[in-house]
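Student: sharing a model that was predicted from the sequence below.
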Amino acid sequence: MESLKQKFAEKAIALYQELREINKAHGDLKVDEVTLGQITGGARSIKMMLWETSQLDAIKGIRFRGYSIPELKELLPSGPQGEPKPEGLFWLMLTGEIPTAAEVDGLTADWHARAGVPDQVFKTLDSLPEDTHPMTQFTIGIMAMQPTSIFERRYAEGMPKSEYWDAVYEDSMNLIARLPRVAAYIYRRAFKGGKHIAPDTTLDYSANYAHMLGSDDEDFRSLMRLYLTIHADHEGGNASAHTVNLVGSTLSDPYLSFAAGMNALAGPLHGLANQEVIKWIFEMIEALGTDRPTKEQIADYVNNTLAEGKVIPGYGHAVLREPDPRFTAQRKFAEQYIKDSNLITTVWNIFDVVPPILEGLGKVKNPWPNVDAHSGALLVHYGFREYSYYTVLFGVSRALGVLAAGIWSRALGMPLERPKSVTSDWLKAQVNK
Ligand code: NMX
Ligand code: MLT
């Protein structure tokens with residue numbers, strides 16, 4: 001059986017040649033225009049990077065190598081209850097091919113073999129105050145693994161450019177393999193009195209992570225498979241992916257670039273929104289004195305939040321203009337696995353209430369829920385109430401997409417990323433031309 005690395009190399013070498021020729025023949029082809037509003041408006045929609053692993057459509061949502069989430073659920077090798085294994089998605093993102101069950105099992109085994117975490121990482125984490133935010137612990141844990149970077153060592157030894165992708169591949173595989181252990185360690189030290197649980201190498205990537213967090217529930221394992229699959233990638237322009245891409249383009253190794261991306265994910269307008277959603281719902285339940293608020297009560301609470309000048313977490317998106325298919329996938333999961341939960345019913349009632357209110361503001365471009373609107377309620381259902389941890393789960397999943405994309409970037413010889421900035425005087429001069 002051809003290894004993942006061999007398969008990737010074949011595809012990448014062919015695409016590298018093809019892109020060189022396309023660039024030579026058509027490098028001057030105009031593919032986009034930039035408006036003044038895009039410069040002052042967060043660079044929305046400006047096409048400025050290659051990202052092989054997934055592409056986002058404003059209406060249809062995310063496609064991983066052309067496949068929608070329902071298609072991935074159909075096609076990727078899955079766990080016993082039918083939820084796709086993220087190992088399969090990683091394979092797909094690197095090769096463009098749906099792997100066989102044997103290939104996915106091989107990747108699970110490879111990651112188990114690479115999963116040893118240096119003791120120094122645990123010592124570093126143990127030196128932090130226990131109430132350090134889990135995302136801060138996560139980036140520190142990633143940074144504490146950086147001294148093991150193969151890319152850094154080989155670069156210092158004079159590795160030629162043609163080998164960059166190989167070293168990035170090795171670092172990325174090691175990092176992905178180690179992340180669940182580090183992430184579970186953070187959870188157990190922050191919330192379970194430091195009673196750690198050893199990995200179980202008979203389990204797949206998601207079930208083993210669930211196990212180390214403290215759950216061997218079959219439904220929770222299924223949730224983790226789905227969760228780690230759907231959060232993995234959202235094309236290259238989102239803040240965490242773009243950060244990993246930017247930092248990686250300086251030839252910082254995957255530990256450095258992934259840690260940088262996780263610092264972007266830790267912001268409340270990005271990945272931290274999953275913590276903010278459940279915090280906001282818990283506060284609403286507390287304020288209203290009921291754990292099953294009516295739609296009228298929810299509407300009042302939403303209006304109060306907006307009147308206080310805050311955003312409704314879990315709603316809106318910089319690209320999407322329809323409900324996020326990742327929200328829909330989680331809703332379907334809840335419909336299938338969870339019967340009569342007040343919290344999940346509340347999430348669905350919020351879905352009925354919030355969009356018309358946001359639309360009524362007349363400025364929100366997308367009133368629909370994003371991925372973060374649903375994930376917390378599912379985690380609470382399975383006993384994970386410590387919402388400050390939720391973005392770490394997002395981060396473990398995001399590693400799969402951004403690190404796969406990082407391997408592609410080095411294989412395709414992508415240069416240092418360096419877009420142009422302008423001053424307000426320059427902008428004014430354009431207006432007055
Ligand atoms: N609640 C209240 N106001 C909102 C919301 C919302 N959920 N979404 C957008 N707006 C406001 C936004 O603040 C802006 O107001 P102003 O002009 O006064 O500054 C206006 O609507 C226009 O913003 P948009 O162009 O619609 O949104 P933008 O692309 O700038 O931002 C988000 C996208 C996702 C940052 C924004 O929708 C938001 O803040 N949502 C809540 C936080 C959230 O759920 N983030 C998670 C995103 C997914 N992820 O995991 O990364
Ligand atoms: C993501 O998954 O990265 C978020 O939905 C944000 C984005 O795509 O901009």
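Tutor: Perfect, thanks for sending it. Numbering: from 1, shown residues only. Ligands and ions are numbered 1, 2, ... in the order given.
Student: need the phi and psi values for the residue of the stretch 301-433 of the chain found nearest ligand 1.
Tutor: Taking CB to the nearest ligand atom, ligand 1 has its nearest neighbour within the stretch 301-433 of the chain at Gly316, 2.1 Å off. No exception for glycine: its C-beta is placed from N, CA and C like everyone else's. Per-residue torsions, Gly316: phi 100, psi 160 (degrees, to the nearest 10).
Student: cool, the one 4 residues further on as well?
Tutor: Main-chain torsions, Leu320, degrees, to the nearest 10: phi -60, psi 140.
Student: ligand 2 contacts on the stretch 251-400 of the chain?
Tutor: 318-319, 370-371 (CB under 6 Å from any ligand atom).
Student: before we move on, back to that, please tell me how far the residue of the stretch 301-433 of the chain closest to ligand 1 sits from Phe333.
Tutor: Gly316 is 23 Å from Phe333, where distance means CB to CB, to the nearest Å.
Student: likewise Gln430?
Tutor: Going from Gln430 to Phe333 by CB to CB gives 49 Å.
Student: the two: who's more crowded?
Tutor: Counted by other CB atoms under 10 Å, Gln430 and Phe333 do not tie: Phe333 has more neighbours, with 20 against 10.
Student: mind checking pLDDT for the closest residue to that one other than its chain neighbours?
Tutor: Once flanking residues are discounted, Phe333 sits nearest to Leu226: 5.8 Å by CB to CB, 6 or more residues apart in numbering. On pLDDT, Leu226 comes in at 98.
Student: and Met1, what's its pLDDT?
Tutor: Taking Met1 on its own, its pLDDT is 66.
Student: likewise for the one 3 residues further on?
Tutor: According to the predicted model, the pLDDT of Leu4 comes to 97.
Student: so it sits against Thr108, correct?
Tutor: No. Leu4 lies out of contact with Thr108 (CB atoms under 8 Å); the separation is 11.7 Å.
Student: leaving out the residues flanking it, which one is nearest to Ala287?
Tutor: Nearest residue to Ala287, sequence neighbours excluded (CB to CB, 6+ apart): Tyr301, at 6.9 Å.
Student: what is the three-state secondary structure of the one you found?
Tutor: helix (DSSP: H, G, I helix; E, B strand; the rest coil).
Student: between Leu4 and Thr108, point out the one with more neighbours.
Tutor: Each of Leu4 and Thr108 has its neighbours counted (other CB under 10 Å); Thr108 has more, 23 against 20.
Student: from the contact counts, what lies against the helix or strand containing Gly376?
Tutor: If you go by DSSP states H and E, Gly376 is part of helix 372-381. Under the contact criterion of 3 or more CB pairs under 8 Å, 6 or more residues apart in numbering; DSSP states H and E, helix 372-381 touches helix 218-230, helix 273-288, helix 325-337, helix 342-361, helix 390-411.
Student: where do the strands sit along the protein?
Tutor: 54-57, 61-64 (DSSP state E).
Student: now look at the last one and say if it contacts ligand 1.
Tutor: In other words, strand 61-64. No. Using CB under 6 Å from any ligand atom, strand 61-64 stays clear of ligand 1, with a minimum separation of 11.8 Å.
Student: please enumerate residues in contact with that strand?
Tutor: 53-57, 68-69, 72, 89, 92-93, 232-235, 320, 322, 324-326 (CB atoms under 8 Å, 6 or more residues apart in numbering).
Student: next, the buried residues of that strand.
Tutor: 61-64 (16 or more other CB atoms under 10 Å).
Student: state the mean pLDDT of that strand.
Tutor: pLDDT averaged over strand 61-64 gives 98.
Student: the first one now?
Tutor: If you average the pLDDT over strand 54-57, you get 98.
Student: show me what that strand is packed against.
Tutor: strand 61-64.
Student: so how far is the strand it packs on off the chain centroid?
Tutor: Between the centre of strand 61-64 and the centre of its host chain there is 13 Å, according to CA atoms, centre = their mean, to the nearest Å.
Student: could you see whether ligand 2 lies near that strand?
Tutor: No. Strand 61-64 is not in contact with ligand 2 by CB under 6 Å from any ligand atom; minimum separation 8.0 Å.
Student: dump that strand to CSV, restricted to CA.
Tutor: Extracted as CSV, the C-alpha positions of strand 61-64 are listed here (Å, rounded to 0.1, in the frame of the first residue of the first chain):
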residue,chain,number,x,y,z
GLY,A,61,-20.8,26.6,2.8
ILE,A,62,-17.6,24.6,3.0
ARG,A,63,-16.3,22.1,0.5
PHE,A,64,-13.4,19.9,1.4
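Student: who touches the closest residue to ligand 2 within the stretch 51-200 of the chain in this structure?
Tutor: Per CB to the nearest ligand atom, the residue of the stretch 51-200 of the chain with the smallest distance to ligand 2 is Leu56, at 6.3 Å. With contact taken as CB under 8 Å, 6+ apart, Leu56 is in contact with 62-63, 234-235, 237, 319-320.
Student: one more time with 6 Å
Tutor: By CB atoms under 6 Å, 6 or more residues apart in numbering, Leu56 lies in contact with 62, 234-235, 319.
Student: check those residues and tell me the two furthest apart.
Tutor: For the contacts of Leu56, the maximum inter-member distance is 9.7 Å, found between Ile62 and Val319 (CB to CB).
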